[in-house]
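Chemist: how would this look folded up:
(one chain, ligands or ions: 1)
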Amino acid sequence: MTNIILLGPPGAGKGTQASRLVEAHGMVQLSTGDMLREAKSSGTEMGNRVADVMARGELVTDEIVIGLIEEKLTGANGGGFIFDGFPRTLAQADALGVLLEKTGKTLDAVIELRVDDAVLVDRIVGRAEQALAAGEPVRADDNAESLKQRLMEYYKKTSPLIGYYYAKGDLKSVDGLGAIDEVAGEISDVLKNL
Ligand code: AMP
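Modeler: Residues are numbered from 1 along each chain as shown. Modelled structure (predicted):
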């Protein structure tokens with residue numbers, strides 16, 4: 001069983017690659033973004049509380065997302081957990097370490113998807129345009145203003161995790177700019193060599 005974190009800015013392809021890993025290796029994707037959107041659409045009290053923060057592209061509180069992850073860690077883990085979009089702050093990273101230890105689990109790798117900013121903006125705008133053309137709902141935070149905020153949050157609060165996991169010896173970086181299959185291939189190679 002392999003537990004990994006997918007780390008990277010919004011639009012880096014974390015969700016896409018997580019889905020591939022679920023298909024290929026029977027891993028279980030834990031996306032705090034998906035959990036929060038679900039809470040929002042089912043109208044729970046917490047969902048209502050976080051909706052505006054998410055729409056603005058800001059981070060919700062550590063307490064909320066740590067609680068969401070804690071609930072899932074005792075559930076089915078198949079071929080291992082993929083943490084997608086979590087942790088996003090150093091406090092979340094510390095909390096994950098504690099939770100894994102408490103549940104007798106290990107973190108096997110942190111896979112950083114490296115991409116450049118211009119590509120991110122194009123990808124996210126493209127994602128919104130595709131959804132529109134297909135008549136699908138566009139994410140409330142896939143607009144220029146929120147995107148700027150999401151990138152800012154990433155650089156201020158999440159990018160320090162790259163150094164944090166590098167220092168722990170857990171960091172593996174892959175080039176996130178290639179085609180989906182190429183990136184998936186690189187991630188598979190990382191997993192094989194663990
Ligand atoms: P995502 O789907 O991962 O892009 O997340 C969408 C939004 O949910 C983010 O912009 C944040 O508002 C919120 N969110 C998701 N994961 C976290 C997290 N680990 N910490 C704080 N906020 C989060």
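Chemist: confidence score at the residue lying closest to residue 62 once chain neighbours are set aside?
Modeler: Leaving aside its sequence neighbours, residue 62 sits nearest to residue 91 (C-beta to C-beta, 6 or more residues apart in numbering; 4.8 Å). Glycine gets a C-beta too; all of them are placed from N, C-alpha and C. Residue 91 is assigned 98 on the pLDDT scale.
Chemist: which element, helix or strand, includes the closest residue to residue 40 other than its chain neighbours?
Modeler: Leaving aside its chain neighbours, residue 40 sits nearest to residue 47 (4.0 Å; criterion: C-beta to C-beta, 6+ apart). According to DSSP states H and E, residue 47 maps onto helix 45-56.
Chemist: what about the residue nearest to residue 62, which SS state?
Modeler: Following DSSP: H, G, I helix; E, B strand; the rest coil, residue 91 is assigned to helix.
Chemist: can you report how many residues lie near it?
Modeler: As a burial measure, residue 91 scores 14 neighbours (other C-beta atoms under 10 Å).
Chemist: quick revisit: these two touch, right, the residue nearest to residue 40 and residue 53?
Modeler: No: counting by C-beta atoms under 8 Å, residue 47 sits too far from residue 53 to count as a contact (11.2 Å).
Chemist: and the longest helix for this protein?
Modeler: helix 117-133 (DSSP state H).
Chemist: quick one: that one near the ligand?
Modeler: No: figure legend: helix 117-133 not in contact with the ligand (C-beta under 6 Å from any ligand atom); closest approach 9.5 Å.
Chemist: and this protein, which residues reach the ligand?
Modeler: The chain comes close to the ligand at residues 10, 32-33, 36, 53-54, 57-60, 65, 85-86, 88, 92, 141, 150, as judged by C-beta under 6 Å from any ligand atom.
Chemist: just the buried ones from the residues you listed?
Modeler: Among those, the ones that count as buried by 16 or more other C-beta atoms under 10 Å are 10, 32-33, 36, 54, 57-60, 65, 85-86, 88, 92, 141, 150.
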